[in-house]
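1. What would the 3D arrangement of this be:
(3 chains)
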Amino acid sequence: MSSRSNGWRATCSALIGILLLSACERENRRFQENPPTATPTSTALIVSDLQPGPGMVIPKVEAPYDDNAWAVSEGKSLFNSMNCSGCHFQGGGGIGPPLMDEEWIYGYEPQQIFASIADGRPNGMPAWKYSLSTQQIWELVSYVRSLSGLNPKGARSGRDDHMMRKTPEASTPNAVPKMSSTPPEDSA
Amino acid sequence: MRRGTWLLLFAIGCAGSQSVLDPAGPPNRSLNHLFWAMLIVASVIWIAVVVAAFWAALSRRRITREDLEPIITVPNEEHRRHTGIVTGLVGATIVILLLFLVYDFTVGRALAERPSRTLTIEIIGHQWWWEVHYVDPDPSKIVVDANELHIPAGEPVQVKLSSRDVIHSFWVPNLIGKRDLIPGYTSSLFLNADRAGVYRAQCAEFCGTEHAKMALPVVVHSRNDFAAWLSEARAPAAVPNDSSARDGRQVFLAGPCSSCHAITGEPAYGTVGPNLTHLASRKTLGAGTLPNTRGNLGGWVVDPQSIKPGVRMPSNQLAAKDLRNLLDYLQTLK
Amino acid sequence: MPRRERTRCVSDRRRLFVVAVGGSLFLAGCKGDKEKDDPRVALAARVGPATTSGDTTTKFADDGQWVRPAKDFQGTRFSGLTEINNTNVQKLHVFGTFSLGTTRGVEAAPIVAGTTMYIVTPFPNFVYALDLTKEGMPTKWSYKPRPVNAAQGVACCDVVNRGLVVDAGKVIFNTLDGRTIALDAATGKELWETQLANINLGESVTMAPLVVKGKVFVGVSGGEFGVRGWLKAVDENSGKLAWTAYHTGPDKDVLIGPNFKPFYKMDQGKDLGVSSWPADQWKIGGAGVWGWITYDPELDLIYYGTANPGPWNPEMRPGDNKWSSTVFARHPDNGEAVWAYQLSPHDEHDYDGVNENILVDMDWKGTRRQLILRPERNGYFYVFDRKTGEVLSAEPFGFVNTTTGVDLKTGRLQYAPEKATRIGQVVRYSCPAAPGMKDWQPSAYSPRTGLVYIPHQNLCMDEEGLEANYIAGTPYVGTNVKMYAGPGGNRGFFDAWDPVGQHKVWSIKEDLPVWSGALVTAGDVAFYGTMDGWFKAVDARTGNPLWQFKTGSGIISQPMTYSYGGKQYIAVLSGVGGWSGAIVAGGLDARDSSAALGFVNAMKDLPQKSTKGGMLYVFAL
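-> Next comes the predicted model:
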């Protein structure tokens, strides 16, 4: 009897503890750190679904901030102040492609988005690696992923400070990402 | 020890660059007069009341049977005297309160008056710094500065307040009370200083983690000094002669700095961070966080997140030589 | 009696083929009845405009060709051809087609010089020469300029190109990455190439050049990227830069000298391009040129308008922001400004001033005057005296509530304070929206009817100011915009406007914005296209619909007409895109109402009505 209730208590405490811990991560303000850099030797530059051989190798780099609400909101602030929104707007696109849909030209894995931002892409995406710190780029990665629901819902923004332009990220339905079927325009 | 602390607190409260009790301009001075008048009168009354209460409590008086019975109809001489005293005191209270009301109203009216011709300054709150625009009808003469407010003595200055992110509050204890900076709304107040000096304003509305490190030195100049300061502030930054500073300029323009900061006269137009055209002549760094010294500046550039965690400025990895050159350059921005 | 009618080309009766000196190019010329009286015109007709460098006398000649997007220097887009007219236009059928091999918005006009049709495509700016003498119009040559791919990142509103020009045996066009290229019209061989714009400063070039007196005029796009706007003149033979006129900054950079005499006080003063801006802002103040340039040979002046100031958010640039949204009259030889008039001082809503200045001589209140007719983006139809820059009339040609009118005494546009754009505030229902009452799509003028045919949109917007941050080579806008249909619920109109009577004569409601140019002919037929692909012909006098044809993609280009072998043809390019069609051309997501500067919100249904394309259609009876 008592041992069973102890078991319950332990389980409940553990559960609450886990819940609290996850909440901690959500709110943790990680001001100062050096998150990993995606390197060209990782899959960052793989933009094809075709690999020679019987199986696909997809090494993953975890996005350090996908579940961190504070970092995602910092990413959103950077997305606007560094003029990402000037081309991609609030995810619907304009000069640049939309980011809230399921189509990805250069990949949706965190390290691929990192590479797209840091190294740029040939059809007009500038290379930001000399203008933004690694931490800032990772914050942007997580915000970009939040636009189509690729990160946990709890970490996404639930409201916007400005004119109602679209439903907030937390209410945007999760897209099932896929590589774009139409390759980018080529000047050839 | 305890007494010392109290004395220190009193001393801080009474004089200094961030004290409501050390007025540096007519509005605050009239408020101070009102405050002292109310304090003195109220203190005298309070002391009188306390003395009377003690006197009543301590005076030994035998309780008779009559005292325990309800007061019946016919008032005697003593009762009449008591009624007179109470009526007189109530009357005195009403008169004193009325006088305070009139006084308070007069002071309030004087504060609300709009001076006819004034200099207009726009203050825009950011997390966690102040953007300051010295408005001019000729747009090319508008001065954009940050984290320091310069005003002339003996002249009312209109301050228009707004915010780009959250609600902040503008408060210069020595000069004027608080007024909120609200996103999407412009509020306004008048500053009127008559004593030159440096005072400290502080954000007075919690605005995020670094709310406490959002201060604003307010420099009150004599009129002539202010005119001179303003014309200097209009001057664009010059390309330095010194070779290391010139290299530092390249570091600034080619690196991430110019994405956020503007320097008038240079191809750097960022509006995310403070305008740095006159950085070297500022008294503080990081909105009143640190004294503006070369060492502090270096620390700030390399690792602002240790000094003011959460600040929008990222840490910057710079080669030692680049950092030295950059500091040389930033120190030319007088 | 309009002059042009007397001199219209009767190409089916008299046709002259002349071999140019150097003999590479056949050119069609045609003569009107009265041309013999004027030796200048007659000469031009004989020699043909495309062989004479900077020939300026083609006004009444040469209806068989269409050597520049606006047809003539005056920008009328009027053709004297009459074979296709309002009685037989119903019999039009497709004569030929050609695929451009691109899928972005096609805003260009096909150009016909001699026996060849020339087309420049949107990015990557292919140039095709089609042989009209052979069946099926086979390709004579094609040219690939290979512009820098990254240039697509600094083109605000799709990667369009508004056309090429043929002059003196050269095909001259601009690439998105800011090069002006001259090709041998006969062989397609590159003659010269000049880099004019720098994409790292956000500069790109989308406009069609104009060639006058041996100079090629090219302006910069990038009002959304904080460029410092300019117009450059390049020598037609060498490709060398002749002069540059900036549109912000000190007078010497704007080429304002002692002969500069603006009509209104607000445009007079020294170095207004500096003093009407906050310090340094003029260096990133926009005011490019990406619309139309017209030329008056008599006064020897070119006329053009400058684009919006940067950033859009007006709170970041107190002052009049000269010389943004301004009409300039300049001497083509040295660029010297003669007069200027600022249409929208301190622009609040992205009202560029790049629209066409149609040059006509007509009776105005009893006297014959040299006029500019100008349907402006801010919603007013301006009539100017083109000698002095005086505004004779400015009446709204649609629903306007952002401004209350133009004060003809001071020349100043009167803004409605309640519609001012402010940081952190959302202003609802501002009309016209950011693309204005009429954007780049050029109107046409018929001297037979005296009417201006205006394709335009009917859009309103919600707008919020944001702090804009300038980073070279990235957008510099600072507003949130969300557009939707204006009063009536339709998004476009095709109108006929009487400039003398200052009123609308007839109006055709279109569901989608009319983003194509207009064409009008002496057969009294006006042509335009819609974004869902219909190419339409209407009676120029009544507006009655006469004929329509559904092309493969939406039409946002400039229809034109030409004749070959005694037969009249109508040609148009189909390929949806541009700012209005970005939702299709760029595959944008309509859930974000601010996408493509807010235009996507007004065009949510376009993907159901039109798909990407790039195709030439030629029609004949």
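
2. so who does the residue of the stretch 1-150 of chain B found nearest chain A touch?
-> Taking CB to the nearest CB as the measure, the stretch 1-150 of chain B has B:Gln127 as its residue closest to chain A, at 9.3 Å. C-beta here means a position set from N, CA and C on the backbone, and glycine is covered the same way. Counting by CB atoms under 8 Å, 6 or more residues apart in numbering or on different chains, B:Gln127 makes contact with B:165-166, B:207-208, B:210, B:312.

3. likewise C:Gln370?
-> C:296, C:298-299, C:359, C:361, C:385-387.

4. mind running it again at 6 Å?
-> C:361, C:386-387 (CB atoms under 6 Å, 6 or more residues apart in numbering or on different chains).

5. Could you do C:Trp243 as well?
-> C:233, C:335.

6. Please report how far it lies from chain A.
-> According to CB to the nearest CB, to the nearest Å, C:Trp243 stands 31 Å off from chain A.

7. go on, C:Ala522?
-> From C:Ala522 over to chain A (counting by CB to the nearest CB), the distance is 40 Å.

8. where along chain A do the helices fall?
-> A:2-27, A:69-81, A:84-88, A:110-119, A:134-147 (DSSP state H).

9. and the ones you listed, which one's lowest on average pLDDT?
-> If the helices of chain A are sorted by mean pLDDT, helix A:2-27 sits at the bottom with a mean of 70.

10. Now for B:Thr118, how many residues are close by?
-> Using other CB atoms under 10 Å in any protein chain shown, B:Thr118 has 15 other residues around it.

11. For chain B, give me the ranges with low pLDDT.
-> B:1-15, B:61-75 (pLDDT under 70).

12. residues in contact with the closest residue in space to C:Val171 that isn't next to it in sequence?
-> On the basis of CB to CB, 6 or more residues apart in numbering or on different chains, the spatially nearest residue to C:Val171 that is not a chain neighbour turns out to be C:Leu183, at 4.4 Å. Contacts for C:Leu183 (CB under 6 Å, 6+ apart) come out as C:143, C:171, C:190.

13. Repeat the analysis, applying 7 Å as the threshold.
-> Neighbour list for C:Leu183: C:127, C:143, C:170-171, C:189-191 [criterion: CB atoms under 7 Å, 6 or more residues apart in numbering or on different chains].

14. tell me the contacts of C:Gln74?
-> Applying CB under 7 Å, 6+ apart, the residues near C:Gln74 are C:59, C:294, C:358-360.

15. can you check A:Asp66 too?
-> A:142, A:145, A:151-152, A:155.

16. what separates it from B:His33, distance-wise?
-> To B:His33, A:Asp66 is 60 Å away according to CB to CB, to the nearest Å.

17. Bridged to the residue nearest to C:Val171, which residues?
-> Taking DSSP bridges as the rule, C:Leu183 bridges to C:Val171, C:Glu190.

18. if we can go back for a sec, quick check, nearest of the contacts of B:Gln127 to C:Thr76?
-> B:Asp165 (52.6 Å; CB to CB).

19. Just give the closest residue to the closest one, not the sequence neighbours.
-> Once flanking residues are discounted, B:Asp165 sits nearest to B:Gln127: 5.1 Å by CB to CB, 6+ apart.

20. Phi first, then psi, for B:Phe54.
-> phi -60, psi -40 (degrees, to the nearest 10).

21. my bad, should have said C:Asn458
-> Phi and psi for C:Asn458, reported as degrees, to the nearest 10, are phi -130, psi 80.

22. Which residue is the nearest non-sequential neighbour of it?
-> C:Gly486 (4.1 Å).

23. same deal with C:Gly436?
-> In space, C:Gly436 is closest to C:Arg377, 3.0 Å off (CB to CB, 6+ apart).

24. what about the one you found, how many neighbours?
-> For C:Arg377, using other CB under 10 Å, the count is 30.

25. returning to that earlier point: compare the contacts of A:Asp66 and tell me which is most surrounded.
-> A:Ser142 leads those on contacts (other CB under 10 Å) with 27 neighbours.

26. Please name the residues that touch that residue.
-> A:63, A:65-66, A:71-72, A:75, A:151.

27. Kindly write the ChimeraX command that selects the buried subset of those residues.
-> Filtering these down to the buried ones (16 or more other CB atoms under 10 Å in any protein chain shown) takes a single ChimeraX command:
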select /A:63,65,66,71,72,75,151
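
28. Count the neighbours of residue 147 for me.
-> This is for chain A. Neighbours around A:Leu147, by other CB under 10 Å: 26.

29. oops, I was thinking of chain B
-> Around B:Asn147 there are 25 residues (other CB under 10 Å).

30. B:Phe35 now?
-> Residues lying near B:Phe35 (other CB under 10 Å) number 15.

31. Which helix or which strand is home to it?
-> Per DSSP states H and E, B:Phe35 falls inside helix B:26-58.

32. Going by neighbour count, which residues in the strand or helix carrying B:Ser306 are buried?
-> In the assignment (DSSP H and E), B:Ser306 maps to helix B:304-307. Under the neighbour-count criterion of 16+ other CB under 10 Å, helix B:304-307 has B:304-305, B:307 buried.

33. Can I get it as CSV, trimmed to CA atoms?
-> Coordinates of each C-alpha in helix B:304-307 appear next as CSV, following Å, rounded to 0.1, in the frame of the first residue of the first chain:
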residue,chain,number,x,y,z
PRO,B,304,28.5,42.9,-24.3
GLN,B,305,26.5,39.9,-23.1
SER,B,306,28.6,39.7,-20.0
ILE,B,307,28.1,43.3,-19.2
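
34. what's in contact with that helix?
-> So helix B:304-307 is contacted by A:31-32, B:286, B:289-290, B:299-300, B:311, B:313, B:315 (CB under 7 Å, 6+ apart).

35. same thing but at 10 Å, please
-> Helix B:304-307 is contacted by residues A:30-33, A:135, B:210, B:213, B:285-286, B:289-290, B:296, B:299-300, B:310-316 when judged by CB atoms under 10 Å, 6 or more residues apart in numbering or on different chains.
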